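quick one, what's the 3D model for this:
(chains A and B)
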Amino acid sequence: QQQVKQSPQSLIVQKGGISIINCAYENTAFDYFPWYQQFPGKGPALLIAIRPDVSEKKEGRFTISFNKSAKQFSLHIMDSQPGDSATYFCAASGYNNDMRFGAGTRLTVKP
Amino acid sequence: DTAVSQTPKYLVTQMGNDKSIKCEQNLGHDTMYWYKQDSKKFLKIMFSYNNKELIINETVPNRFSPKSPDKAHLNLHINSLELGDSAVYFCASSRQGRNYGYTFGSGTRLTVV
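So this is what the prediction gives:
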């Protein structure tokens, strides 16, 4: 079964807007929560990651918010740009570092 | 200089054939993985190797056999290919231990006809 649930499946945002993608997990053994960005024809690339000892991590326009009690985390993309159009995957890993991925969100940023 | 390289990038073959996909990483990582991405973009782990030792073997048909000649290489051999094997296969690597991100290759698009 899918261990990380991601929503929405697709998202359309205007340039300059905020893109928000949400994920939820069940396995409390997970302790590393990365986000990956994938462009067509390319492999996923690590974008930003968080550990459960912090509630927020920001890198440039990308922010992860983490709610340990709710077992949820989200990616916020501020000032979204057309170049951000890609598929985004949340993921979670634990002891073996085996990464379990969400189903992906296809983001389209309209100019 | 590509960090994780896969060959071939595209592979079109007939049902019943046997094929291999090669993966090499030059990052000095100890752990390598194979993932399958289906037509809906879902990424599913197939195998992971740590220092040539099999760590994870998900529910994958035994027609799929990984081989790791050394810690920089992880190849995937597929016997008796079926239509349902058509997908993009990604190799990835990471440092050993927990809380490390993966570096993915650019994928091999396998089409079985």
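
from now on I want contacts and neighbour counts done on CA atoms only, so please keep to that.
Noted.

now tell me what touches stretch B:25-39 from outside.
B:2-5, B:42-51, B:71-74, B:76, B:86-96 (CA atoms under 8 Å, 6 or more residues apart in numbering or on different chains).

now do 7 Å
Stretch B:25-39 has contacts (CA atoms under 7 Å, 6 or more residues apart in numbering or on different chains) with B:3-5, B:43-51, B:71-74, B:87-96.

contact partners for residue 106?
Here I'm looking at chain A. For A:Arg106, the contact set (CA under 7 Å, 6+ apart) comprises A:9-11, A:86-88.

my question was about chain B
Residues counted as contacts of B:Ser106 (CA under 7 Å, 6+ apart) are A:42-43, B:6, B:90.

those residues, buried ones only, as a PyMOL selection?
Buried residues among these (16 or more other CA atoms under 10 Å in any protein chain shown), as a PyMOL selection:
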select buried, (chain A and resi 43) or (chain B and resi 6+90)
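
what's the neighbour count on A:Pro111?
A:Pro111 is flanked by 11 other residues according to other CA atoms under 10 Å in any protein chain shown.

equivalent analysis for B:Ser86, please.
Number of residues near B:Ser86 (other CA under 10 Å) recorded here: 20.

any weak-confidence spans in the chain?
No chain in the question, so chain A it is. A:1 (pLDDT under 70).

try again with chain B
Along chain B, the model assigns pLDDT under 70 to residues B:1.

up against chain A, what does it have?
Residues of chain B found near chain A (CA under 7 Å from any CA of the partner chain) are B:41-43, B:97-99, B:101, B:103-107.

out of those, which comes closest to A:Phe66?
Within those, the smallest distance to A:Phe66 is 15.7 Å, found for B:Asn99 (CA to CA).

now that closest one: phi and psi?
phi 70, psi 40 (degrees, to the nearest 10).

how about residue 50, what does it touch?
In the absence of a named chain, chain A is used. A:32-34, A:57.

chain B was what I was after
B:Asn50 is in contact with B:30-32, counting by CA under 7 Å, 6+ apart.

partner residues bridging A:Asn22?
For A:Asn22, the beta-bridge partners under DSSP bridges are A:Ser7, A:Ser74.

who wins on neighbours among the residues of chain B next to chain A?
B:Gly107 (28 neighbours).

what about A:Asn96, distance to B:Lys44?
16 Å (CA to CA, to the nearest Å).

same question but for A:Asp98, I mixed them up
11 Å.

could you do A:Lys57 as well?
26 Å.

what's the burial count for the nearest residue to B:Asp85 once chain neighbours are set aside?
In this structure, B:Asp85 finds its nearest non-sequential neighbour in B:Val112, 6.9 Å apart by CA to CA, 6 or more residues apart in numbering or on different chains. Neighbour count of B:Val112, defined by other CA under 10 Å: 18.
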